[in-house]
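[1] Sequence first, predicted model second:
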Amino acid sequence: MERQESSSKKGDRDEIFADCSFASLGLHSALCDQLKERLGFEAPTRVQARTIPVVLSGRHVLVSAATGTGKTIAYLAPIVHHLQKRDPRIERSDGTFALVLVPTRELCLQVYEILQKLLHRFHWIVPGYIMGGENRSKEKARLRKGISILVATPGRLLDHLKNTSSFVRMNLQWIVFDEADRILELGFGKEIEDILNILGSKQSDSTGEKTGASRDAGFQRQNLLLSATLNEKVNHLAKISLKDPVLIGLDEKKLQLHPSPQKVGSSGSDIDEELEFPGKREMSLTSNYNLPSQLVQRYVKVPCGSRLAVLLSILKHLFEREASHKIVVFFSTCDAVDFHYTLISEFVWSPHSQEKEVKSKFLRCKTFRLHGNMKQEDRRITFQSFKTEKSALLVSTDVAARGLDFPKVKCIIQYDSPGEATEYVHRVGRTARLDERGEALLFLQPAEMDYLQDLEKHGVSLAEYPMLKVLDSFPLYGQKLHVKNFVLLDLHPWVLALQKGLELFISAEARIHTLAKSAYCSWVRAFAAHRGELKRIFMVKKLHLGHVAKSFALKEQPSLVGQSFQKQAKKRKRDQRLKGLSKRRKVSRKT
Ligand SMILES: Nc1ncnc2c1ncn2[C@@H]1O[C@H](COP(=O)(O)OP(=O)(O)OP(=O)(O)O)[C@@H](O)[C@H]1O
């Protein structure tokens, strides 16, 4: 058994790592030493082995590779290689040579931290970051001093490009879009076009010639686009930012090269055109995703009213099964994160007795929360703390879904469904990174089972989670349960008892009760915001609002909360009509 495990571990390693050294890819020996000494990287991963020589050669690149396969070093290492060998040495007054654009603040910090390690020996190359939520004038001061490799979120970068005159970028050579599709999904398409225009790095549609401001001659501008999922949304960005790119990780089967123009259906956004590279060939990126092969993927079918009891039971089971466990649970809204975080941190209950004094904490794990409405400093603390914990739970919105590299996360639970299959892929990608093992669990309601077929279309298939077995393992009133004949989870005695315990607890705690109500309202709103094909699977009219309320441990009649929801929905529609804002942009930016 042990031998079997170690040989499969070796198989995983062979799948991830290339059979060569960093030096053989053309990287400078001092940089190879840094990779080994500071980061502990002995050999390149396969995606690094394929990407590094291409970036070193100066070509534009579009990379699609599974989550956790080392894309960050694939672009940072060759940039550092080029910069460290410049003679004379680059100076701060030369300004910015490389720009790395990322969708979230946490990813910005993460890339910056890796850069710091990579640049340890090359003190004359200065790393820096600018991002929303930070102090603008301090950023201005840092830009004035000069930042050689700058990591940025798009909104804040555009702000500085327009308003910080001391931001020197005449030497800009590289623009990297990390998690390119997510940047666009968050509605930054317009900002990206503006950034490319200001930097003079936009390719004109037909000729591949640059438009916009002129730049310093003497070197080729090189743009790089990377993500685990590249879909139609990236087409336009690739078209306007890449010139004759090398495509890495997009195998021939998935890649359809068309001799003649063929546009995909318009979704009304500014990013919905087919990729059309200069040379008049078009590429359609049908999204069949690469997932880590060592990832165990399962689903659990739960009737709406029992979702909360089932979630808490699974968490209890996982944390009791293994002394150290790191788990991330994804929710659809900030309010849902706040409610579940507070509930999980405070819920006391006894499965043995109704007596208050014998009640104890239901879950004893250290719990963190992360979402876009939190203060920047709190987000930073969560991000850093969860990274270093050996055993902990993180409840989060999709703000943690992209690119974040939390070591040793063993399980991802998607309590609220991810919507687009791309989001599924990135969420589960927070586990099973590199050659680590990991498991993922997706919650679905009985009416949502068609979502599995949607995932199948992208080559993702899930097995059923043995939920009844888990529920049977909990002793109730001092006895182990063996409820063989139960088919429905919601009638399981453990679930019924726990649900009652949750409702009693919430009704007695005014603060958490209020959080539950807000979470309920925002959850229904988010559910109603599913778009396109997904509307057929996640049907609002099939929702039983009374059962939804139960899933927030609320005893209130659904009409009570439902009325306020309807009022809010009407108000929202009216506001949207007035402002003429796209619903998509509004919903997606606040994660
Ligand atoms: N050559 C290497 N040897 C050992 N570990 C590596 C190597 N390259 C990267 N790693 C580690 O692998 C993990 C994943 O790397 P990274 O975050 O760059 O992946 P990614 O492909 O960008 O993932 P995602 O698509 O989720 O953003 C990180 O913990 C990183 O430190």
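    That came through, no problem.

[2] can you list the residues of the stretch 301-450 of the chain near the ligand?
    403, 405, 429, 433-434 (Cβ under 6 Å from any ligand atom). C-beta: built from backbone N, CA, C; applies to glycine.

[3] Look at Leu196 and report its pLDDT.
    According to the per-residue confidence, Leu196 scores 93 in pLDDT.

[4] Check which helix or strand it maps to.
    helix 189-198 (DSSP states H and E).

[5] between the residues of the stretch 301-450 of the chain next to the ligand, which has the most around it?
    In terms of neighbours by other Cβ atoms under 10 Å, these top out with Gly429 at 28 neighbours.

[6] Quick one: list the elements packing against the helix holding Leu196.
    helix 154-163, helix 232-241 (3 or more Cβ pairs under 8 Å, 6 or more residues apart in numbering; DSSP states H and E).

[7] try 10 Å
    strand 98-101, helix 154-163, strand 174-178, helix 180-183, strand 202-203, strand 210-211, helix 232-241 (3 or more Cβ pairs under 10 Å, 6 or more residues apart in numbering; DSSP states H and E).

[8] as a whole number, average confidence for the first one?
    The predicted model assigns strand 98-101 a mean pLDDT of 98.

[9] Show me where the stretch 51-200 of the chain has its strands.
    Ranges of strands in the stretch 51-200 of the chain, per DSSP state E, counting those that start in this stretch, are 61-64, 98-101, 127-130, 149-152, 174-178.

[10] closest to the ligand out of the ones you listed?
    Nearest to the ligand among the strands of the stretch 51-200 of the chain is strand 174-178; the distance by Cβ to the nearest ligand atom comes to 7.2 Å.

[11] Report the strands that pair with that closest one, each with its relative direction.
    Next to strand 174-178 in the sheet, as set by DSSP bridges, lie strand 98-101 (parallel), strand 222-227 (parallel).

[12] I'd like those strands as TSV, with mean neighbour count and distance to the ligand appended.
    Shown next, in TSV, are these (neighbours: other Cβ atoms under 10 Å; distance: least, Cβ to the nearest ligand atom, whole Å):
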stretch	mean neighbour count	distance to the ligand
strand 98-101	24	12
strand 222-227	26	7
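
[13] Could I get those in a markdown table, plus columns for distance to Leu186?
    Formatted as a markdown table, the strands paired with strand 174-178 follow (distance: least, Cβ to Cβ, whole Å):
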| stretch | distance to Leu186 |
| --- | --- |
| strand 98-101 | 11 |
| strand 222-227 | 13 |
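
[14] and the closest residue to Arg221 other than its chain neighbours, how far is that from Val55?
    The spatially closest residue to Arg221, leaving aside those adjacent along the chain, is Ser201, at 5.6 Å (Cβ to Cβ, 6 or more residues apart in numbering). Using Cβ to Cβ, to the nearest Å, Ser201 is found at 16 Å from Val55.

[15] what's stretch 369-381 in contact with?
    For stretch 369-381, the surrounding residues in contact (Cβ atoms under 10 Å, 6 or more residues apart in numbering) are 104-106, 109, 131-135, 328-329, 331, 333-338, 340-342, 344-345, 368, 382-383, 386, 393-400, 404, 589-591.

[16] Quick check: mean pLDDT of that stretch?
    pLDDT averaged over stretch 369-381 gives 94.

[17] And that stretch, end to end?
    10 Å (Cα to Cα, to the nearest Å).

[18] for stretch 403-416, same thing?
    With Cα to Cα applied, stretch 403-416 spans 20 Å between its terminal residues.

[19] do the same with stretch 31-47
    Stretch 31-47 has an end-to-end distance of 18 Å (criterion: Cα to Cα).

[20] repeat for stretch 22-34
    End-to-end span of stretch 22-34 (Cα to Cα): 11 Å.

[21] how about that stretch: buried residues?
    22, 25, 27-28, 31-32, 34 (16 or more other Cβ atoms under 10 Å).

[22] Which one of these is nearest to the ligand?
    Among those, Phe22 lies closest to the ligand (Cβ to the nearest ligand atom), at 7.7 Å.

[23] Next, work out how far apart the closest one and Ile149 are.
    Phe22 sits 19 Å away from Ile149, going by Cβ to Cβ.

[24] again, but for Glu15
    Note on Glu15: its distance to Ile149, by Cβ to Cβ, is 30 Å.
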